[in-house]
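K.L.:
Sequence and predicted structure are below.
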Amino acid sequence: YDRMIQDWVAQRFKAIGLEQVRRQELDMSPLWYPNSWEASLVAGDAVTPLKTTFPITDTVGTAGKTIEAPAIWLGLGTPADFSDRDVRGKAVLLYSSPTPGGRDHTARWSGSMLRANKAGAALVLIVMDIPGNVTTEPEAGQGTTVPTMTISLKEGTAIREAIEAGKDVKLRIKSDIERKQGLKTANVWGVLPGMTDENILIMAHTDAMFDGALDNASGIAMLMEIARYYAAIPKEQRRRTITFVTTPDHHHGATGVKWISANMGDFLAKTALIVNCEHPSQTQTYRLGGGLMTSTTTSARRWFIGGSEALRRVALNSFRTFGVAVYARPEGRPGGELQHVYKRAPSLHVIDHVFYHSDADTQDLVPAWGIEAVTRAYLKIIDSVNKMEIKELVAANPAGEPAR
């Protein structure tokens, strides 16, 4: 699938009319990869398959063996919850709230997940507090010493209720996880030459979890529309060369964008703006009773603008003009692909991030008009930047001089 999306991007770049279209092959670092896994609830004589478990990135497997352990519920997994509880050799269930999306959650940043690992649990299940039967794949399983997985709220509640009913409850899992060696991946490039050798860099990552409608099909769609728009404008009206790149391996090491940062210093020194296209549009949802209610608007995005105050004003004015709702405060440093390259040139992005890294990341929750609003704002920003000099866009250092 990695190669399929790269080939598709190259075909679309050529169809749009970009020049110098190429696939730049790269070596990947060893890739954490769950080949297979299965889990069951054993309550007395009844065995029920658990269909929504998913290994947390970087956790360990069972080396092909089946593990069975008695289940205990430790709630939020605070030190108070662990007090006077013997978890050694047990299947520990922890309740975790997404903050706000499927990737990050309270059991990770509060320490309860690793607390259960260090206390000698045989395995750990993280019950994700997303109403329904949603499968999630969070990151940040580094440090786990026993198999650690997420499970949906519906299935996690069924296990808890079996424990509350006084049944003899065990959990059974088997997982085959490896680190794949020697894999290849690739950046895909396309160029719209301008009237100078200065650059605008438009980027988006190609890999995804589950359907990946928000993360990051929506970003790829936005990048393609930006390319189509500027390809229709005569070269004589494009002040700067616009370079488009899709990068792989976002979720497991960011091989593509890290290569750009490490090897394209001369190019980035002449780059007026880096625009990152990364999950721009998702429907605003609300907790209502025991379920979720969708709305008729998109949720606010986190955002980052790296550069001068003038660039910040241009970007925020464009967001307001096109109705792009953002958080009241920016990120201290950008997440997403931009985190690996933002120090090299003026840069910006917005990122929506509620139901990504889960099988709820479907097209139904990614309205096209939300992607359109961000795309229009980005086009306005790019056009405005093309009327400014690079020195006007770069943030000043404490002495008042432009600094990268």
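P.N.:
Thanks, I have the structure now.

K.L.:
And the nearest residue to residue 231 once chain neighbours are set aside, how close does it get to residue 244?
P.N.:
Counting by C-beta to C-beta, 6 or more residues apart in numbering, residue 231 lies nearest to residue 17, which is 4.3 Å off, once chain neighbours are set aside. Every C-beta, even on glycine, is put in place using the N, C-alpha and C of the backbone. Separation of residue 17 from residue 244 (C-beta to C-beta, to the nearest Å) stands at 12 Å.

K.L.:
Give me the more crowded residue out of the two.
P.N.:
Of the pair residue 17 and residue 244, residue 244 is the one with more neighbours under other C-beta atoms under 10 Å, namely 27 against 14.

K.L.:
which residue ranges form the strands in the stretch 151-300 of the chain?
P.N.:
169-180, 184-192, 199-205, 241-247, 271-276, 283-288, 291-298 (DSSP state E, counting those that start in this stretch).

K.L.:
So what touches the first one?
P.N.:
To tie it back to what came earlier, the one meant is strand 169-180. Applying C-beta atoms under 8 Å, 6 or more residues apart in numbering, the external contacts of strand 169-180 come out as 30-43, 47, 50, 53, 55, 59-62, 64-71, 91, 123, 125, 147, 149, 159, 162-163.

K.L.:
Give me the buried entries from the residues you listed.
P.N.:
Applying 16 or more other C-beta atoms under 10 Å to the contacts of strand 169-180, the neighbour count classes 31-32, 34, 37, 39-43, 50, 53, 55, 59-62, 67, 69, 71, 91, 123, 125, 147, 149, 159, 162-163 as buried.

K.L.:
So for residue 17 and residue 244, which residues contact both of them?
P.N.:
Taking C-beta under 8 Å, 6+ apart as the contact rule, residue 17 and residue 244 both touch residue 192.

K.L.:
Residue 82 against residue 114, yeah?
P.N.:
No - applying C-beta atoms under 8 Å, one finds residue 82 not in contact with residue 114, separated by 11.9 Å.

K.L.:
Of those two, which one has the most company?
P.N.:
Taking residue 82 and residue 114 together and counting by other C-beta under 10 Å, residue 114 has the greater number of neighbours (20 against 17).

K.L.:
and the gap between that one and residue 355?
P.N.:
Per C-beta to C-beta, residue 114 is found 25 Å from residue 355.

K.L.:
just residue 190 next, same as before
P.N.:
Counting by C-beta to C-beta, the gap from residue 190 to residue 355 is 30 Å.

K.L.:
Counting neighbours, go ahead and name the busier of those two.
P.N.:
Higher neighbour count among residue 190 and residue 355: residue 355, with 29 against 25, using other C-beta under 10 Å.

K.L.:
what about the helices in the stretch 101-250 of the chain?
P.N.:
106-109, 112-118, 153-164, 219-231 (DSSP state H, counting those that start in this stretch).

K.L.:
Looking at these, which is nearest to residue 183?
P.N.:
Closest to residue 183 of those, according to C-beta to C-beta: helix 219-231, at 21.2 Å.

K.L.:
I'd like to know the average pLDDT value across that closest one.
P.N.:
Mean pLDDT, computed over helix 219-231, is 98.

K.L.:
now do stretch 265-272
P.N.:
Averaging pLDDT along stretch 265-272 yields 97.

K.L.:
Extract the C-alpha trace of the helix ranked longest in the chain and format it as CSV.
P.N.:
Using DSSP state H, we find that the single longest helix of the chain is helix 368-385. What follows is helix 368-385, C-alpha atoms only, in CSV (Å, rounded to 0.1, in the frame of the first residue of the first chain):
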residue,chain,number,x,y,z
ALA,A,368,-15.2,18.3,1.9
TRP,A,369,-16.2,21.9,2.6
GLY,A,370,-13.9,21.9,5.7
ILE,A,371,-11.0,20.8,3.5
GLU,A,372,-12.0,23.6,1.0
ALA,A,373,-12.0,26.3,3.7
VAL,A,374,-8.4,25.4,4.8
THR,A,375,-7.3,25.1,1.1
ARG,A,376,-8.6,28.6,0.3
ALA,A,377,-6.9,30.0,3.4
TYR,A,378,-3.6,28.4,2.4
LEU,A,379,-3.9,29.8,-1.1
LYS,A,380,-4.5,33.2,0.2
ILE,A,381,-1.5,32.9,2.5
ILE,A,382,0.8,31.7,-0.3
ASP,A,383,-0.4,34.5,-2.6
SER,A,384,0.3,37.1,0.2
VAL,A,385,3.7,35.6,1.0
